[in-house]
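> Predicted model and sequence below, questions to follow.
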Amino acid sequence: MMPALVRYDRSREDLVQRSIEARGLCSRPVLAAMRKVRRELYVPEELREFAYEDSPLPIGEGQTISQPYIVALMLEAARLEGGERVLEIGTGCGYSAAVAAEIASEVYTIERLPVLARRAEHLLWRQGYRNVHVRHGDGTLGWPDAAPFDAILVTAAGPRVPQALRNQLAVGGTLVIPVSGPAGRQRLKRVTRRTETDYVEELLADVVFVPLIGAEGWRDDMPARSA
Ligand code: SAM
């Protein structure tokens, strides 16, 4: 029988080729990072056999690990090339922070649920990431003392782009966020800060994320949605 590690490595390569490259994503640093990070370590043990399906999976506390294609899409959309300072809102299990940390120089990531924040922090440390900083709190307010950021990635869907996150984006920087539209439809939006006062917005794709809950997000009594 093939050892589990080899089996996972093959499945990961297969996933990158079939679900990410074949769908048109082509950023070299993002593809290399997706090939490197072992997603099976970030999902609950009983779900490891599904780690390389291109789908979200439950991680506890009613939350999910994002679909790998969406993680790659957001990082490519954020134009990560290497050396950036990145802010992530919604650490979850820490998987997308790990992928970002393979490319960026520093990753600051905020999670509102303390159990998930603690678990992700331990896991990322054990995996050797010394450039990831995890904080428990409301990410809609950003991380002002570490700003500005070259890229901001929000992995939960809010009603609008939080003003605090716009303010904490460096000039030339990129913010990628799912925003809920009419009838609950969610669209992935890219906001590029061109100058101190000029922001350009583009819609990238239809997506499904869990709600962004906080001062500049939804209230705490929102029903959980999908991924
Ligand atoms: N980044 C994760 C991964 O690696 O797959 C996926 C995270 S999951 C789709 C979204 C996360 O956002 C959940 O863990 C949820 O608790 C968190 N979240 C929701 N609102 C938040 C907020 N205001 N600040 C920080 N985290 C928030």
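Good, I have the coordinates.
> Wasn't Tyr16 part of a helix?
Wrong residue type there; residue 16 is Val, not Tyr. Yes. Judged by DSSP: H, G, I helix; E, B strand; the rest coil, Val16 forms part of a helix.
> Next one: it relative to Thr109, how far apart?
Plainly put, Val16 is 23 Å away from Thr109 if you go by Cβ to Cβ, to the nearest Å. Backbone N, C-alpha and C define where each C-beta goes, glycine included.
> Comparing these two, which shows the higher neighbour count?
Neighbours per residue (other Cβ atoms under 10 Å) separate Val16 from Thr109, with Thr109 holding more: 29 against 21.
> pretty sure that one is in contact with Tyr95, am I right?
No. Counting by Cβ atoms under 8 Å, Thr109 sits too far from Tyr95 to count as a contact (10.8 Å).
> show me the contacts for Ala170.
By Cβ atoms under 8 Å, 6 or more residues apart in numbering, the contact list for Ala170 reads Arg85, Pro148, Phe149, Asp150, Arg193.
> Of the residues you listed, keep whichever come out buried.
Among the contacts of Ala170, those classed as buried by 16 or more other Cβ atoms under 10 Å are Arg85, Pro148, Phe149, Asp150, Arg193.
> chain center to the worst-scoring helix or strand of the chain on mean pLDDT: distance?
Within the chain, no helix or strand scores below helix 4-15, which has a mean of 94 by mean pLDDT, DSSP states H and E. Relative to its parent chain, helix 4-15 has a centroid offset of 22 Å by Cα atoms, centre = their mean, to the nearest Å.
> Tell me which residues are up against whatever helix or strand comes next after it.
With elements assigned by DSSP states H and E, the helix or strand that comes after helix 4-15 is helix 28-36. For helix 28-36, contacts defined as Cβ under 8 Å, 6+ apart pick out 12-13, 15-16, 20-21, 25, 68, 71-72, 75-76, 80-82, 99-100, 102-103.
> Select only the buried ones of the residues you listed in ChimeraX?
Command for ChimeraX, covering only those of the contacts of helix 28-36 found buried under the criterion 16+ other Cβ under 10 Å:
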select :12,15,16,20,25,68,71,72,75,76,80,99,100,102,103
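> Thr192: neighbour count?
Thr192, neighbours per other Cβ under 10 Å, totals 18.
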